[in-house]
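**Q** sequence-free structure coming up:
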C-alpha cells in the first residue's frame, strides 16, 4: 500500500500537501465536494432540509449542523463500524461539533431562514488532518447549497458572511510543521488544529501537548504556519468555486 | 442534479447499465474496489484480520463476513446516519447478511485458515441495485485480498472456489426488466435479487411482490434476464482482475 | 426430550407435518391463533390500534405490520432474550419484515381505514419453519381481527383481498423435501421459503444455498412441492375459519 | 373477549382462582411448566447451563437466575415489545429480580455445582398476579430441571432445600382479598405480594399503598390470607410433581 | 478511610444513626437538601417543571417523580458510571420507582396543578440505607419546592397531605436492628425497608430474606423498630423545616 | 436563588473567583476533593484500580483516565439525567477526554505501574468553568491517591512529574476576563480554556469564537490572563496539599 504523493522528505516544513477540491462529486446532494489533502480524502455533502431543530422553531432563524464519519477501512487498520457498535465515539462527536461550530461562525442564520443545512463529512481515506479537510471542504459544499437556494429563489441573499478554512500544525522533533500527515501526527509532541475566517480571525483553536508541554513561543510559531496554510486553502476554495 | 448516464429510454429491457470496476480505489485496504452500475456507486473494501469470531475459534477454518452502509446523502433525500441513531436498520442488516452469505458460498473456509476477511460495502451514491453491486464488487475486493494473502505467503492456495455476482430484475408495467434503476425499482410490481456463481448455480434468490403477486411464468422470464446479466457481470469481474 | 410426532421416517418427502390451528388461544387480542406445524408452535395475535404510523397519517389508508420473537427456550439450547440484550437480531428483523410484507400483499389498505393491525408472532416451541408457520397463522389471526372490526361496524367491508400462506422447502442429500424440520433444515444444501396467495401467485420467494449452489431444475422441483403444500395450508386456514 | 372462569362474584374473598400446573408444556427445556391462576397464564422454563456468571466463577457454587417477559398482547391493550424498544422496563427488571431472589432462597448453591439454572417466565395471558404465578410455576420447572440433573448423574443430591410459592393479596373497598384479578388490582388501595417457603417463613414481602396508607392491622389480615393461599399453592405444586 | 461517627458498638439496636438535614445545599433547585444518616449522604433536589408527562396531559393533575443515582465512588469499591455504561441498573430503577411512589402517596396531584416535581436523589457517599435516606430527604426538598410554588403564587394551597419518611430494619445474627449500616446490611439475614406517613400508615414495605426466611414474629419486631425510627425521622424533618 | 459570592461587579477583570479546595470530602476514595470556583462546585475523586485497560496490558505502564458528570439540577434549569437517557452527550465526552489528557500529561505512566487511576469529576453545582475546576481539583485528588499508593508501598516513587491546573478566559463586550461565571460565559464572544503545567508549559488550549472571530492580539491578552490565574491555582493546590 504505497503512497505516491509527496511526503515530508520532499515537502517544506511550511508547505501544504497538494490540495484538490472536486465539486459535484455525487449527484443527489445540493453540495457535494470531495476534498483531498494529499492522501486524506473526505466527501463533504450539504443537504438542505426545510425544517429546523426544536431550539430554533419559530425563531425565523435557520441552523447549520455537521456529522462526521469514517469508513471502517479508511485507515491502516480496520476500525469498527460505529453504526454496528451502536454509538459514535467521543472523538467522532468532538469532531462533528467542531465542524458545526466552525461553519455556523460564518453564517447569518436569519438570512438562511427557517431551514437546516446538514453537512455530512465522511472520510473515504485517512492520512492525518481529516477534521481540517472536512471543515475546508464543508465550506465549499455549503457554498454550493447556498447557490442552489438562491437559484431556487428560496432565499434572496447569501447567508454566508465570510470564508472559513482549517489546518493542522504541530511540533515534531522540535520542528514546527504545517499540515501533518498521519505518521507525523502520531509522532508529534504538540498538535494544533486552527480554524480561521477569510477576514483573518480565529474561530477555533485546539492545541494539545501529546507528551511535552509547549511554550508560548512555540505556539506563536505554529500560528504563523497556520495563518500561511489557511491563506492558501482559502484561495483553493475560491478557485474551486470560480470566485 | 441531472444524470448523464443512459436511462431506460435508450437501454434495452435486457441490458445492464454501464458497469465500471475500479480496483485500488483507496490505499489502505487489502482489496478496495469502487463498483458502478450506472449511477449507483459502491465502495467495497476487503480487510484481512488475523483472527476469527468465537464460533470459528480453534476450528482451523476462517470466516468471511460483510457490513453494509449508505452515506446519509447517497440518496435523493438525506437519510439519518445510522451511527448517530445508534442502530442499523432492518434493511441494512438484511443486506449485509445477504452479502456475507453470498461470498461465503464461493469460499473454502479451511483453505483460508483461521483469519477473517471483512467486506465493507459503503454506498457513495445510490440509484437502485446497491446490494447487487455490493456483492459483485465485494467479490473483486475479496479476490484482491486473497492475492495479497498469497503474495505474503500467508496461504499457499486460493480459497476461492468459484466466481459470484448478483443482479436485480423486476416487472414494471408488465414488462420484465434487467438491472432496475431507482425509479424503476419504486414503480415495479415484482422485484427480484438473484445471486449466481460462475459455474451457473443459484446462491440466493429473493423475490418480492410489491403489489400484485407474480406467476411461475413471470418468474422464469425474470430468471432468464438475471442469468444473462450475471454472465456479463462475471465477465466484467474477470476483465477487471485481468483473468 | 422426545418428540412423539411423525418424523420424516414415516412422512413422505412431499408431505406436510400435521398442521393444527387453534383460534381464540388467548382472550384479549382481536385475533389470537396458535399454529402448529408438527412440533413448531407459534402464537400469532392480531391487535387493532386506532392510529397509523407517521408515513400513513392523513392518507386515509391503514397499515399492517408484524413483529416476531422467540421465547428464550423455544429452541434446543437457550438463546439470549432479545429484550435483555437490548436489540433484535438481524434474523428477527428479517423475519418480521417478511411477515409484514406477506400480509400487506393481501390487504386493501384503503378498505382498512386509518388504523393499524399489529401481528405479533411469538414462537413458543421451535422445530424448523417458524417463519412460514407465523405467516400462515398470522393470516388467520388477521382474519379474526377483520371479523371483529366488521362486527363492531368499524368497517363495512373486509379489506382482505386474498388468502396467503407460506411453507419451507429444501434439498437434503439431493432430495427435495417439503416442510423442513429443524434437523433437516440444519442439514440441507438449499433452503427456500415460499409465500403464495390463494389465487396462486407468489408473494415472496427466498432461496438460499447453504453449501452447494442450486440449479434451475432443482428450483422448479422445490416450487412444485411448495405449491402442493401451500394448497393444503390454505385449506387448513379455511377449515379453521369455517369458510 | 369474555372470561368464562369464576370471577370474584362467585369466589370467596379468601379463595384462590383455579390453579392449573401443566408440566412438560414445551419439549426442549429441562423444566417447562405452564401455570394458570385463573386467566393468568405464565410459561416457566428452566434451562441448565454448564457455566456460571463471573461472580461465581471458581467458587464451586452454582447460580439460579430469572428473566421475565410479557408477550405484547398478553394484556387488554397491546404494549410495546421490549426487544423492539431496546430495553426492559423498570417493572420487568423489578419482577425478574424478585423471582430470582425467591428461588435462590430455597437453593443450596453448593449442591448445585458450578452451573446455572435460568428460569424464563413468559406471560402468555395476563389477568393480575403474573409475578406470583411466575414464582410458583418457576419452582416446579426448577424442580424438574433438578430431577433431570439427578437422572443425568450430574449431581448426586438435590440442591432444593425447601418449597416456595407466592401470592398477591390486597384491600379493595376496605375488604382484604386473596389472589387479585386485574380489575381488582387496578382498583385496590393496597397491594401486597408475599413469597413464602414450605416451612412457613417469609422470603419476600412487598406491600404498596396505591392510594391510602395501610395500617398494621390491615397488614396482618393480608398476611393471614396470604398464608392460607400459599399453603394451597404449595399443595398444588406437590400434586403436580407427584410428591 | 476511617469513619468517626458512632458505629453499632456504641449505638443501641433500636437507635438511628445521627441524622442531619441541610436545606439549600445547592443554589439553583427549588428544593435542595443534603440528608445524612451517619456516613450515608444523599443530595435530594426538587425541580419544578411547568409540564406533565403524556399520561397526565389535560388531566388538570400534576405529577411527582424521582430519579436515583450514585456517584461512582460513593461506595468502597468504584462502580461503573451508569451514564457511561448506557443504562441504569435494575437496582437503580427499583429504587427510583420506590421513591416516586412513596412521595406521590402524600401528594394531592390535583392541588399541584399541571406541573411536575422532579426529585433527584444522588448518593454522594454510601454506607447503607441510601434509599430510605433518599425518601426522607426528598420529602423535605419537595416541601421546599411547594413553599416556593406558594411564594410564587403558582398554587394557592399546599398539595402535601401528609408527611412521609423511611427507614431500613433488619435481623443480624438473630438480633433485630434499626437503620442498618453497610456492614450490617451485608451480613443480615433479613432486610426490610419501611415507608410510613406522619399519620401512621404504611406506604411501602419491602422485606427480603437474604438467607434464612423470616417469621411473622420477627417481622413484627422489625415493624416495631421501624415505627420508632420513622417517628424520629418525621420529627427531624419538622425540625429542619421549622414546623 | 441568590448568589452571595462576589460577582464581577466587585471582582477585577483579572481576578479569580474565591477558590476553595477541600480534601477528604468523602470517605471511601483514595483521593476525594471538593473544589469550588465561586459558585461552581465539583467533587473530584481518584480511585485506584489494580488493572489497566486492554491497550496497556502487559506494557508495564499504568493509565490515568477521567469521567465527568453533572447532577441533573446542578444548573439553573434541570437537564436530563444521562444515565436515564442512556448515553453521554458529546459535551460530556469532550470534557472527560480533556480532563484525562490533561492529567496524563503530568504522569509518568511507567512509574505508576500496571494500575489505573480513575478520576471522577461530578459537578454538584454549576456556575461556569466546571471543566477547569474539574482539572484543577482532579490533580489534587490524584496527588492524594498517589500518596496513598506510596503509603501502601505499592509504588516507591511518585509518578507525578509536574503540577497542572486550568482556567477559562474570555472576551465579554470587548473586555478580556479571567475565570468566567455562567452569565459571562453565555454572553462572551470568545471563550478559551487553558491548561498549564507548574513548569509553565501549555498542555491544552481550546479557544472558540461564539460569535465574532478573535484576533491574534486578543488571544495574547487572554493567555496573559490565563497564565496569571493558573499561577494562583497552582499555589492554591500546593496550599491545600501542604506542599
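**A** Ah, there it is. Every value quoted in this text rests on a predicted model; they were computed, and no experiment measured them.

**Q** Could you give the residue of chain A that lies closest to chain D?
**A** residue A:86 (9.4 Å; Cβ to the nearest Cβ). (Glycine included, C-beta is placed from N, CA and C.)

**Q** Excluding chain neighbours, what is closest to that residue?
**A** Excluding its sequence neighbours, the residue lying closest to residue A:86 (Cβ to Cβ, 6 or more residues apart in numbering or on different chains) is residue B:86, at 5.2 Å.

**Q** how about the one you found, phi and psi?
**A** phi 90, psi 0 (degrees, to the nearest 10).

**Q** got a list of what it touches?
**A** Contacts for residue B:86 were tallied using Cβ atoms under 8 Å, 6 or more residues apart in numbering or on different chains; they are A:86, A:87, F:87.

**Q** Could you check which helix or strand contains residue A:121?
**A** strand A:116-125 (DSSP states H and E).

**Q** Partner strands of that strand and their direction?
**A** Sheet pairing of strand A:116-125 (DSSP bridges) gives strand A:40-49 (antiparallel), strand A:63-70 (parallel).

**Q** can those strands go into a markdown table with extra columns for mean pLDDT and mean neighbour count?
**A** Below are these laid out as a markdown table (pLDDT from 0 to 100; neighbours: other Cβ atoms under 10 Å in any protein chain shown):
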| stretch | mean pLDDT | mean neighbour count |
| --- | --- | --- |
| strand A:40-49 | 98 | 25 |
| strand A:63-70 | 98 | 24 |
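
**Q** Using neighbour counts, pick out the buried residues of the helix-or-strand element of chain A with minimal mean pLDDT.
**A** Taking mean pLDDT, DSSP states H and E as the measure, chain A has helix A:182-187 as its least confident helix or strand, at a mean of 90. Within helix A:182-187, the residues that count as buried by 16 or more other Cβ atoms under 10 Å in any protein chain shown are A:182, A:184, A:185.

**Q** Distance-wise, check the first one relative to residue A:188.
**A** Yep, that's residue A:182 we're talking about. Residue A:182 is 11 Å from residue A:188, where distance means Cβ to Cβ, to the nearest Å.

**Q** for residue A:82, same thing?
**A** Applying Cβ to Cβ to residue A:82 and residue A:188 gives a distance of 26 Å.

**Q** Summarise which helices and strands whichever helix or strand comes after the strand holding residue A:121 is packed against.
**A** Once the chain leaves strand A:116-125, the next helix or strand it forms, by DSSP H and E, is helix A:130-151. Packing contacts for helix A:130-151, counted by 3 or more Cβ pairs under 8 Å, 6 or more residues apart in numbering or on different chains; DSSP states H and E, involve strand A:31-37, strand A:40-49, strand A:63-70, helix A:90-104, strand A:116-125, strand A:164-172, strand A:190-197, helix A:216-241.

**Q** from memory residue A:178 sits against residue A:225, does it?
**A** Yes - counting by Cβ atoms under 8 Å, residue A:178 does reach residue A:225; the two are 4.4 Å apart.

**Q** between these two, what contacts are shared?
**A** Counting by Cβ under 8 Å, 6+ apart, the residues touching both residue A:178 and residue A:225 are A:13, A:14, A:169.

**Q** out of the residues you listed, which are buried?
**A** residue A:169.

**Q** ok, so of the shared contacts of residue A:178 and residue A:225, who is nearest chain C?
**A** If you rank those by distance to chain C using Cβ to the nearest Cβ, residue A:169 comes first, at 42.6 Å.

**Q** And for whatever residue of chain A ends up closest to chain E, the neighbour number?
**A** Nearest to chain E, among the residues of chain A, is residue A:87, at 7.6 Å (Cβ to the nearest Cβ). If you count neighbours by other Cβ atoms under 10 Å in any protein chain shown, residue A:87 ends up with 18.

**Q** shouldn't it be in contact with residue B:82?
**A** No - here residue A:87 lies out of contact with residue B:82, judged by Cβ under 8 Å, at a distance of 10.9 Å.

**Q** re earlier: which residues are contacting the least confident helix or strand of chain A?
**A** Residues contacting helix A:182-187 (Cβ under 8 Å, 6+ apart): A:8, A:76, A:126, A:127, A:128, A:129, A:168, A:170, A:172, A:173, A:177, A:191.

**Q** if you skip the residues just before and after it, what's nearest to the fifth one?
**A** The shortest distance from residue A:128 to any non-neighbouring residue, by Cβ to Cβ, 6+ apart, is to residue A:182 (4.0 Å).

**Q** Please tell me I have it right and residue A:159 contacts residue A:111.
**A** Yes - contact criterion Cβ under 8 Å: residue A:159 and residue A:111 qualify, at 3.7 Å.

**Q** Just want to know which of the two has more residues nearby.
**A** More crowded of residue A:159 and residue A:111, by other Cβ under 10 Å: residue A:159, with 21 against 16.

**Q** On the pLDDT front, check that one for me.
**A** Model confidence at residue A:159, given as pLDDT, is 98.

**Q** measure the residue in chain A that chain C sits nearest to to residue E:50 for me?
**A** Among all residues of chain A, residue A:86 sits closest to chain C, at 7.6 Å; criterion: Cβ to the nearest Cβ. From residue A:86 across to residue E:50, the span is 35 Å (Cβ to Cβ).

**Q** likewise residue A:165?
**A** For residue A:165 relative to residue E:50 (Cβ to Cβ), the value is 45 Å.

**Q** More neighbours: the two, which one.
**A** Shown here are residue A:165 and residue E:50; by other Cβ under 10 Å, residue A:165 has more neighbours (28 against 10).

**Q** Verify the stated contact: that one with residue A:230.
**A** Yes - counting by Cβ under 8 Å, residue A:165 sits close enough to residue A:230 to count as a contact (5.0 Å).

**Q** So for these two, which residues contact both of them?
**A** Shared contacts of residue A:165 and residue A:230, defined by Cβ under 8 Å, 6+ apart, comprise residue A:196.

**Q** So which residues on chain A come close to chain C?
**A** Within chain A, the positions adjacent to chain C are residue A:86 by Cβ under 8 Å from any Cβ of the partner chain.

**Q** centroid residue for chain A?
**A** Residue closest to the average C-alpha location in chain A (Cα atoms, centre = their mean): residue A:135, at 1.7 Å.

**Q** ok, now which ones touch that one?
**A** Counting by Cβ under 8 Å, 6+ apart, residue A:135 touches A:98, A:99, A:102, A:103, A:164, A:165, A:166, A:195.

**Q** change it to 6 Å
**A** Listed by Cβ atoms under 6 Å, 6 or more residues apart in numbering or on different chains, the contact partners of residue A:135 are A:99, A:102, A:166, A:195.

**Q** Is the last one in contact with residue A:203, as I believe?
**A** Yes - using Cβ atoms under 6 Å as the test, residue A:195 is close enough to residue A:203 to be in contact (4.3 Å).

**Q** Find residues that contact each of these two.
**A** Common contacts of residue A:195 and residue A:203 (Cβ under 6 Å, 6+ apart): residue A:102.

**Q** what about the residue of chain A positioned farthest from its centre, which SS state?
**A** The outermost residue of chain A, judged by C-alpha distance from the chain's mean C-alpha position using Cα atoms, centre = their mean, is residue A:58 at 29.9 Å. With DSSP: H, G, I helix; E, B strand; the rest coil as the basis, residue A:58 sits in coil.

**Q** Can you report phi and psi for it?
**A** Main-chain torsions, residue A:58, degrees, to the nearest 10: phi 80, psi 0.

**Q** Up against chain B, what does chain A have?
**A** A:1, A:26-29, A:45, A:47, A:67, A:71-73, A:76, A:78, A:81-83, A:86-88, A:118, A:120, A:122, A:125 (Cβ under 6 Å from any Cβ of the partner chain).

**Q** Now restrict the residues you listed to buried residues only.
**A** Buried among the residues of chain A next to chain B by 16+ other Cβ under 10 Å: A:26-29, A:45, A:47, A:67, A:71-73, A:78, A:81-83, A:86-88, A:118, A:120, A:122, A:125.
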